[in-house]
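Colleague: what's the 3D shape of this:
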Amino acid sequence: MKFLHPLFRLPRPHKRAIQLLADAGLITLSFLLAMLLRLDSWAFVAESRVWWVLPVVIPVSLAIFMRLGFYRAVIRYMSMKAVQAVAAGVGASALALLVVNYLFQLPVPRSVPFIYAMLALLTIGGVRFALRALYLRNQLRYKTRVVIYGAGAAGRQLVVSLRHGQEYEPVGFVDDAANLEGAFIQGLKVYSPAELGRLIRDYGVEKVLLAIPSASRARRRAILERLETLDVPVQTIPGMADVVAGRAEINDLRDVAVEDLLGRDPVPPESGLMGANITGKVVMVTGAGGSIGSELCRQILRQAPSQLLLLELSEYSLYRVEQELLQIAREEGIDCPVKALLGSVQHRNRVQKILSTFQVQTIYHAAAYKHVPMVEHNVVEGLRNNVMGTLETARAAVEAGVESFVLVSTDKAVRPTNVMGASKRLAELVCQAMARAQNGTRFSMVRFGNVLGSSGSVVPLFRRQIAAGGPVTVTHPEITRYFMTIPEAAQLVIQAGAMARGGDVFVLDMGEPVKIAELAGHLIRLSGLEPCYPGTDDGDQSRGDIEIRYSGLRPGEKLYEELLIGENVSETRHPRIMTASEISLEWGEMEGLLETLFDACLMFDAPRIRELLVQAPLGYQPQSELADLVWEEQFPRQAEERPRQEKESGPASRRQKIVALRPKSTSEAS
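Modeller: Have a look, this model is predicted:
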């Protein structure tokens, strides 16, 4: 078989020349055998006039073959269309032989052209398909054998693509449809799912490919639960929307999406709610370069705002999302100016100037530090960004006459055990107080849990750890989280904001909570491996391939997250959006609390900050030691004891510094 490799590697012109010479020889051989079969004697060989036919038939036949595209076809990829072309070419060659014999009255029996046609079809076509078969058989030795789950249109297309590739060899279909069982599609038999284990054993199958792009997530989850018990990895093809749009090809195999494991189908968005605060309006998204912020921008752009403003502190993130949105606008024919604006939400002058200059009507405030351990280690900056940033942006919105302000909040704001959650609950209270203090801007908050694929998501980390051979690190065996896809979360944020009346706290239906350790186990099993949990087999990993290792809860991390503070929750017109009636403060109380808190931030007094957060009506109950890195470095022996040094500074000079930094009231700013 090795002699074929140099042949297939030759340049195309050389291959065509070889085919021309081979076909000339095969035409001669076919004519010779046709004469021998007809006359049953070699006597015709001595008759010179018999051979006059070849100098005419060979060039005419080759010209016909070239016209029919014989030499443009790649032999290893020949299909049934090539068979038709070979038959047509051989038929034309036999007709040329018949005409030449008649015109020149050559001593060739009239039945010879018909015998020649059959022999030429076998030789000229047979050689090509024999080479193709040898090539494919040789490649089969190096291909991974796979079973395709789904015998529909996507599965059939996948078979064709895989056979032309050099990586996978499909050995059969598996499909839930009982009427397809036993049928042959693309030459492959369709089996029932119950036979999948036997197929893997009998045919040496090394991978299962899901070809059901249109199936609901609930059905995909049920299928994946069935496949988890097999000792082979599972991959899937991209969705048909991506294939049709040219963003992917049918044979672009991907790891199983974690949303398929959760099995919840998104509710189609209501167009009236999606466009209520966006269509024809000037919209600004803060934190536009983040996971939620960037998806909000994509969703907003498709609702045809008159302008879309992107406010972001990170230059790279802003550039990246701007370029993506401009590409979407070009590809989808959206006529909407996209303005990329660098700035911090803590700088009210900058924010207010942007809002008044562009006459912004709707704000989606997604700018926040959201990584729990990172904020625990940087308490002051976490509070400044999440609380002061919300306060300054909200004040700027009121002064600029913004119609709608939607705060993107988190489930960690409910009975928080970490500074990040406490800061987001405080940001909610700021918006609620602002809603009660004025009537011009409509404030609302949307609270939800973890989103899949965000910058802090565990799923990409788990995939990297599995690819590296483990261990997969989970903080605690009982840690549980709610999950939602980023597109669904962004759609629900937009729709919730459209239902706001002022001061509303919206809570998204996140579905059932998921144990992180179980999610890690699913991902490991769908990679064709077996998880090994701590405590099994006395630490011996012989019963598993990838170890799941518990690293312990991080500073401020909770085992369980909640979405509601109280039980007072009401349904809305959207089945996935609820509204909660929760505690709020008058603006006077809120202003005093914020002033004291920002004073402590100015002095970098981490213990005082914690004390104020515990005293505030946030439900904050810290469950770990103070972990601010600057504080620990500055007072290594007094991490939990408030230092006395700054109290020695004069109250007047200290007060001047605080007044210079603290947020001004609406009346002072104007």
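
Colleague: can you tell me the distance between the two ends of stretch 407-419?
Modeller: The straight-line separation of the ends of stretch 407-419 (CA to CA, to the nearest Å) is 18 Å.

Colleague: Then stretch 210-226?
Modeller: 12 Å.

Colleague: Which stretches in the stretch 551-670 of the chain count as helices?
Modeller: 587-602, 606-615, 629-634, 651-661, 666-669 (DSSP state H, counting those that start in this stretch).

Colleague: Pop the domain breakdown of the chain in here.
Modeller: Split into domains by automatic domain parsing, the chain comes to 4-139, 143-256, 271-580.

Colleague: Tabulate those (CSV), appending mean neighbour count, mean pLDDT and distance to Glu586.
Modeller: The C-beta positions use only the backbone N, C-alpha and C, and glycine is treated the same way. Below are the domains of the chain laid out as CSV (neighbours: other CB atoms under 10 Å; pLDDT from 0 to 100; distance: least, CB to CB, whole Å):
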stretch, mean neighbour count, mean pLDDT, distance to Glu586
domain 4-139, 16, 75, 76
domain 143-256, 17, 81, 45
domain 271-580, 20, 88, 7
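
Colleague: what's near enough to touch Ala422?
Modeller: Taking CB atoms under 8 Å, 6 or more residues apart in numbering as the criterion, Ala422 is in contact with Ala413, Pro416, Leu613, Ala616, Leu618, Tyr620.

Colleague: one more time with 10 Å
Modeller: 375, 379, 382-383, 386-387, 412-413, 415-416, 556, 609-610, 612-614, 616, 618-622 (CB atoms under 10 Å, 6 or more residues apart in numbering).

Colleague: Ok, Pro233 next?
Modeller: Contacts of Pro233 by CB under 10 Å, 6+ apart are Glu206, Lys207, Val208, Leu209, Leu227, Asp255, Val256, Arg525, Leu526, Ser527, Gly528, Leu529.

Colleague: again, but for Glu195
Modeller: Taking CB under 10 Å, 6+ apart as the test, what Glu195 contacts is Val147, Gly172, Val174, Glu181, Lys189, Asp202.

Colleague: where do the strands sit along the stretch 151-300 of the chain?
Modeller: 168-174, 184-185, 188-191, 207-210, 234-236, 254-255, 282-286 (DSSP state E, counting those that start in this stretch).

Colleague: hmm, back to that, using a markdown table, lay out the domains of the chain together with distance to Glu633.
Modeller: Output for these, formatted as a markdown table (distance: least, CB to CB, whole Å):
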| stretch | distance to Glu633 |
| --- | --- |
| domain 4-139 | 62 |
| domain 143-256 | 41 |
| domain 271-580 | 11 |
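
Colleague: Quick one, which of the ones you listed gets closest to Met590.
Modeller: Closest approach to Met590 among those is made by domain 271-580 (4.0 Å; CB to CB).

Colleague: next one: the closest one to chain centre, how far?
Modeller: 17 Å (CA atoms, centre = their mean, to the nearest Å).

Colleague: can you give me phi and psi for Glu403?
Modeller: Glu403 adopts backbone torsions of phi -80, psi -40, taken as degrees, to the nearest 10.

Colleague: can I assume it is in contact with Lys281?
Modeller: Yes. Using CB atoms under 10 Å, Glu403 is in contact with Lys281, at 7.8 Å.

Colleague: residue contacts, the residue nearest to Leu313 when sequence neighbours are not counted?
Modeller: Computed as CB to CB, 6 or more residues apart in numbering, the closest residue to Leu313 that is not its neighbour in sequence is Ser344, at 5.2 Å. Ser344 makes contacts with 286, 311-313, 350-351, 367, 384-385, 388-389, 392-393, as judged by CB under 10 Å, 6+ apart.

Colleague: can you redo those residues as TSV with secondary structure and distance to Pro107?
Modeller: Compiled in TSV, the contacts of Ser344 are given as follows (DSSP: H, G, I helix; E, B strand; the rest coil; distance: CB to CB, whole Å):
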residue	secondary structure	distance to Pro107
Thr286	strand	94
Leu311	strand	93
Glu312	strand	89
Leu313	coil	94
Arg350	helix	100
Val351	helix	100
Ala367	coil	95
Arg384	helix	105
Asn385	helix	100
Met388	helix	106
Gly389	helix	101
Glu392	helix	105
Thr393	helix	100
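
Colleague: Would you mind checking which of those residues is nearest to Val99?
Modeller: Glu312 (77.2 Å).

Colleague: before we move on, the earlier item: the domains of the chain: which one's closest to Ala627?
Modeller: That would be domain 271-580 among the domains of the chain, by CB to CB, at 4.2 Å.

Colleague: Tell me which residues are up against the host helix or strand of Glu322.
Modeller: Taking DSSP states H and E as the criterion, Glu322 maps to helix 315-332. Here helix 315-332 makes contact (CB under 10 Å, 6+ apart) with 245-247, 285, 287-290, 293-295, 297-298, 300-302, 308, 310-312, 314, 334-343, 455.

Colleague: Is it correct that Thr393 is in contact with Asn386?
Modeller: No. In this structure, Thr393 is not within contact of Asn386 by CB under 10 Å, at 11.2 Å.

Colleague: shared neighbours, those two?
Modeller: In contact with both Thr393 and Asn386: Val345, Ala367, Ala427, Val430, using CB under 10 Å, 6+ apart.

Colleague: and those, which two are the farthest apart?
Modeller: Among these, Ala367 and Val430 lie farthest apart (CB to CB), at 13.7 Å.

Colleague: Which secondary structure state is assigned to the nearest residue to Thr393 once chain neighbours are set aside?
Modeller: Excluding its sequence neighbours, the residue lying closest to Thr393 (CB to CB, 6+ apart) is Val345, at 4.7 Å. Assigned with DSSP: H, G, I helix; E, B strand; the rest coil, Val345 falls in the coil class.

Colleague: Val345: what's it in contact with?
Modeller: 286-287, 311-313, 351, 365-368, 385-386, 388-394, 396.

Colleague: What of Pro575?
Modeller: Val267, Asp509.

Colleague: Where do the helices of the stretch 101-250 of the chain begin and end?
Modeller: 112-120, 126-140, 153-164, 196-203, 217-227, 240-244.

Colleague: For Ile583, grab phi and psi.
Modeller: phi -60, psi 140.

Colleague: what number of residues lie near it?
Modeller: By the measure other CB atoms under 10 Å, the count of residues near Ile583 is 13.

Colleague: On the C-terminal side of the longest helix anywhere in the chain, identify the next helix or strand.
Modeller: Assignment by DSSP state H gives helix 12-39 as the longest helix of the chain. Later in the chain than helix 12-39, the nearest helix or strand by DSSP H and E is helix 53-67.

Colleague: Which elements pack onto that next one?
Modeller: helix 12-39, helix 80-104, helix 112-120 (3 or more CB pairs under 10 Å, 6 or more residues apart in numbering; DSSP states H and E).

Colleague: now the angle from the shortest one to helix 53-67?
Modeller: Calculated by axes from the mean of the first three to the mean of the last three CA atoms, to 10 degrees, helix 112-120 forms an angle of 50 degrees with helix 53-67.

Colleague: do the same with the first one
Modeller: Following the same axes, to 10 degrees, one obtains 140 degrees for the angle between helix 12-39 and helix 53-67.

Colleague: packing partners for helix 12-39?
Modeller: Short answer (3+ CB pairs under 10 Å, 6+ apart): helix 12-39 packs on helix 4-9, helix 53-67, helix 80-104, helix 112-120, helix 126-140.

Colleague: Export those to TSV and append columns for distance to Leu519.
Modeller: Shown next, in TSV, are those (distance: least, CB to CB, whole Å):
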stretch	distance to Leu519
helix 4-9	46
helix 53-67	60
helix 80-104	46
helix 112-120	63
helix 126-140	37
